[in-house]
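[1] Fold the following for me, if possible:
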Amino acid sequence: MVKKILLYNSGGGLGDSIQLFPLILGLQKHFSDTELYYLGAHDNHFIGRLKEYNIKLKNFDINLKYFGFRWWHFFSVRKQLLKNKIDNFDLIIDLQSKLRNTVILKQIPHQSFYSSTLNFYFCTKKELKTFIRKELELVDYSINLINKTYFEESKKLLPEKNYIGFSITQGNVYRQKSWPLINFIELAKKVLTSGKKIVFFVEKSNIDIVNQIKKSLPEAIFPEHESKLACPALVTTLASRVDKVISIDNGIMHMVGLANIPMVVLFGPTNSKKFAPKVKNIKILDSKVLYNSKDISKITIDDVFKFI
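    Residues are numbered from 1 along each chain as shown. Model prediction:
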């Protein structure tokens with residue numbers, strides 16, 4: 001019987017964690033009496049910024065920062081486990097494919113181990129590959145898991161209809177995923193002429209961008225800025241009151257995707273098949289497909305507007 005499962009994720013973004021929701025919920029449904037633990041190389045967002053989504057996971061703290069990304073962790077794992085009196089796991093699920101991280105992770109005592117690294121070389125049982133990849137039923141996240149307080153707040157912030165949302169800022173600065181700000185501003189102006197109201201999902205910390213938008217678009221609404229409940233879950237409940245959201249590949253895209261509303265998502269250098277939200281009504285505009293280029297700026301305003 002499987003009583004303890006450990007999930008390991010090396011991704012550090014909020015979007016990386018949100019993408020795991022269906023897998024986590026699927027595992028919890030299949031192994032209903034099992035304790036599910038989470039070990040991340042970075043912050044555990046499930047007990048941090050994403051806690052209002054109410055995804056129940058136990059935190060597995062091995063006290064090694066950036067776990068798996070330092071070779072010396074290989075020699076420290078056992079020591080930390082003995083120090084914290086941690087038993088072995090019935091199953092460890094490795095959700096990344098970096099060889100170093102997998103080799104280090106495998107030092108944690110376990111009965112069974114799943115990993116796609118080196119074409120599933122480290123999997124202890126062949127049937128695990130089939131089960132995780134094909135047989136396990138993934139479970140879609142229901143926004144009803146979010147406390148009703150956030151829905152009530154969203155209704156106060158966006159009390160009417162005919163809203164179009166925009167998510168325009170990227171968290172990962174190492175790849176140029178952002179569409180030019182001037183393009184978003186001009187697109188929003190065209191949306192206004194159609195009688196829609198424009199909503200921007202932009203954190204207050206992006207003060208320069210916010211000021212540029214407000215200067216060009218006095219009608220722009222920044223609902224999160226007016227709330228003391230600002231958090232990712234509020235973005236999702238706000239999105240549930242919007243007709244459609246235009247977004248780049250970022251964390252907010254995944255928060256909006258949980259509301260399962262119509263979306264238009266712009267991709268440049270990143271993989272749209274891998275990272276696009278799994279929503280019913282989504283139009284993906286990928287510069288690699290449209291223009292054979294990783295340069296997202298090649299996507300035109302008209303390319304986007306015709307799908308709004």
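[2] When you work out contacts or count neighbours from here on, use the C-alpha atoms and nothing else.
    Will do.
[3] can you give me the strands in the stretch 101-250 of the chain?
    110-114, 163-167, 197-200, 244-248 (DSSP state E, counting those that start in this stretch).
[4] neighbouring contacts of the shortest one?
    Applying CA atoms under 8 Å, 6 or more residues apart in numbering, the external contacts of strand 197-200 come out as 162-167, 188, 191-192, 219-223.
[5] pLDDT averaged over it - what is it?
    For strand 197-200, mean pLDDT rounds to 98.
[6] same deal with stretch 11-21?
    For stretch 11-21, mean pLDDT rounds to 91.
[7] got the domain boundaries for the chain?
    The chain resolves into domains spanning 4-141, 145-305 when parsed by automatic domain parsing.
[8] and Leu285, helix, strand or coil?
    strand (DSSP: H, G, I helix; E, B strand; the rest coil).
[9] That one pairs with what?
    Leu266 (DSSP bridges).
[10] returning to what we had before: and the contacts of strand 197-200, which of them are buried?
    163-167, 188, 191-192, 220-223 (16 or more other CA atoms under 10 Å).
[11] okay, the strands of the stretch 101-250 of the chain, which one's buried deepest?
    Comparing these on average neighbours per residue, with mean count of other CA atoms under 10 Å, the densest one is strand 244-248 at a mean of 25.
[12] Just the angle for that one relative to strand 163-167, thanks.
    Angle, strand 244-248 to strand 163-167, by axes from the mean of the first three to the mean of the last three CA atoms, to 10 degrees: 10 degrees.
[13] can you give me the mean pLDDT across strand 244-248?
    If you average the pLDDT over strand 244-248, you get 98.
[14] Can you name every helix or strand that that strand contacts?
    Here strand 244-248 touches strand 163-167, strand 263-267, going by 3 or more CA pairs under 8 Å, 6 or more residues apart in numbering; DSSP states H and E.
[15] quick one: average confidence on the next helix or strand after the last one?
    Later in the chain than strand 263-267, the nearest helix or strand by DSSP states H and E is helix 272-275. On average, the pLDDT along helix 272-275 is 93.
[16] Show me which residues of helix 272-275 are buried.
    Those would be 272, 275, for helix 272-275 by 16+ other CA under 10 Å.
[17] Same question for stretch 14-23.
    For stretch 14-23, by 16+ other CA under 10 Å, it's 14-19, 21-23.
[18] among those residues, which are in helices?
    Among those, DSSP state H puts 14-18, 21-23 in helices.
[19] okay, those in TSV with distance to Thr300 next?
    Formatted as TSV, those follow (distance: CA to CA, whole Å):
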residue	distance to Thr300
Leu14	28
Gly15	26
Asp16	28
Ser17	31
Ile18	29
Phe21	33
Pro22	33
Leu23	35
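[20] Just name the closest of those residues to Lys280, please.
    Relative to Lys280, the closest of those is Pro22; by CA to CA it sits at 15.0 Å.
[21] how near is that closest one to Lys134?
    Here Pro22 is placed at a distance of 14 Å from Lys134 (CA to CA, to the nearest Å).
[22] Looks like Ala276 contacts Asp249 (just checking).
    Yes: here Ala276 lies in contact with Asp249, judged by CA atoms under 8 Å, at a distance of 7.5 Å.
[23] Thanks a lot, catch you later.
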